[in-house]
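Student: have a look at this prediction, sequence included:
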Amino acid sequence: MAEKRYYWIQLKEGFFKQKEIKKLRKIAGGDTYTVIYLKMLLAAVKQGNKLFFEGVEDTFPEELALELDEDPENVKVTLSFLERQGLIRVMGEDEFLLLQCEEMVGSESESAARVRRYREKKALQSNTGVTPLLQSGNTDIDKDIEKDTEKEKEKDICPELNSGSKEPPIITLPLNTGAEHLIFQRDIDAFAELYPAVDILQAMRGMKGWLMTNPTKRKTKRGIGRFINSWLAREQDKGGKVVGNNARNMTTEQYAESIRGWNE
């Protein structure tokens, strides 16, 4: 079961000093529209900074008003203003992106929240000299907190390892964030079915060598999958040039040179 996660928006110190927000508040009923905008931001943080029209009501403003418990006309005015000011972008008939949301959103896992509250309580007790009433009987709770703390440390050290799998990776590919994209045996097997003419593991070694020697061209977490498929598809189309002894006799640099430009 996925761990519960908490989300929030963080208003910058100058949020209400923005010209767009000042202008919004000067409109008759502007404070109401500003509250609606803040509610929209909160509604979008769990959805990739987007709002979606599901067709529950006849129009998006009506459906959003239902979700936010606001008057439809007020929501309609707010949406119109945000679109004119470039604060919301229509991505499609049923998808709307709040452009300020990404820079304002924060999130925290349930275990991280528990650890944070525990640390805050400890700091408060230390500063005030207060001794917990059940100090000698809280060992189980402390152990649970320590476990949560260790889990959070593991997440910070290597987020890519939180896949839920205990299987060791066969190879890793460096990403542009400094993290590693893990390739497991099940991935190798799946790619082997899709690209039977290719020595998948050797191809992965070639990818790693290329990424290591071209750090400025490393991929994002979202783009690495397309990079891998493009690389393997091109090799498959060439008839599996690197299968067998030929691949094993090539150095990483030679292989990287042979496929230069594949991901461009």
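Tutor: Received, thanks.
Student: all strands for the stretch 51-200 of the chain, in order.
Tutor: 88-92, 95-98, 105-109, 171-174, 180-183 (DSSP state E, counting those that start in this stretch).
Student: between the ones you listed, which one is nearest to Gln202?
Tutor: strand 171-174 (10.3 Å; Cβ to Cβ). Every residue, glycine included, has its C-beta placed from N, CA and C.
Student: list the buried ones in that closest one?
Tutor: Residues of strand 171-174 classed as buried by neighbour count (16 or more other Cβ atoms under 10 Å): 171, 173-174.
Student: dump those residues to CSV, plus pLDDT and distance to Asp189.
Tutor: Listed next are those as CSV, based on pLDDT from 0 to 100; distance: Cβ to Cβ, whole Å:
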residue, pLDDT, distance to Asp189
Ile171, 94, 14
Leu173, 94, 17
Pro174, 93, 23
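Student: now, which of these sits nearest Pro215?
Tutor: Out of the buried residues of strand 171-174, the member with the shortest distance to Pro215 (by Cβ to Cβ) is Pro174, at 7.7 Å.
Student: which ones are touching that closest one?
Tutor: 180-181, 208, 211-212, 215, 218 (Cβ atoms under 8 Å, 6 or more residues apart in numbering).
Student: now, those residues that are in helices?
Tutor: 208, 211-212 (DSSP state H).
Student: what's the PyMOL syntax to select whichever of the residues you listed are buried?
Tutor: Here is the PyMOL command that selects the buried residues among the ones in helices among the contacts of Pro174 (16+ other Cβ under 10 Å):
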select buried, resi 208+211
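Student: any chance of the ones in helices among the contacts of Pro174 in CSV, with pLDDT and distance to Val198 too?
Tutor: Converted to CSV, those look like this (pLDDT from 0 to 100; distance: Cβ to Cβ, whole Å):
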residue, pLDDT, distance to Val198
Lys208, 93, 15
Leu211, 92, 18
Met212, 91, 20
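Student: ok, back up a step: which one of the buried residues of strand 171-174 sits closest to Gly55?
Tutor: Using Cβ to Cβ, the buried residues of strand 171-174 come closest to Gly55 at Leu173, 40.7 Å.
Student: OK, contacts around the closest one?
Tutor: Here Leu173 is in contact with 180-181, 183, 204, 207-208, 211, 224, 228 (Cβ under 8 Å, 6+ apart).
Student: contact partners for the closest residue to it other than its chain neighbours?
Tutor: Nearest non-adjacent residue to Leu173, counting by Cβ to Cβ, 6 or more residues apart in numbering: His181, 4.4 Å away. His181 makes contact with 160, 172-175, 221, 224, according to Cβ under 8 Å, 6+ apart.
Student: and the helices in the chain?
Tutor: Using DSSP H, helices in the chain cover 19-26, 30-44, 60-68, 72-84, 101-104, 110-128, 139-157, 185-194, 200-213, 224-237, 245-248, 252-258.
Student: quick one: which of the ones you listed has the weakest pLDDT on average?
Tutor: Per-segment mean pLDDT for the helices of the chain reaches its minimum on helix 245-248, at a mean of 42.
Student: how close does Val75 get to Phe81?
Tutor: The gap separating Val75 from Phe81 is 11 Å, by Cβ to Cβ, to the nearest Å.
Student: neighbour count for those two, which is higher?
Tutor: Taking neighbours as other Cβ atoms under 10 Å, Val75 and Phe81 compare with Val75 leading, 26 against 19.
Student: the more buried one reaches Leu64, doesn't it?
Tutor: Yes. The pair Val75 / Leu64 is scored as a contact, 5.3 Å apart, by Cβ atoms under 8 Å.
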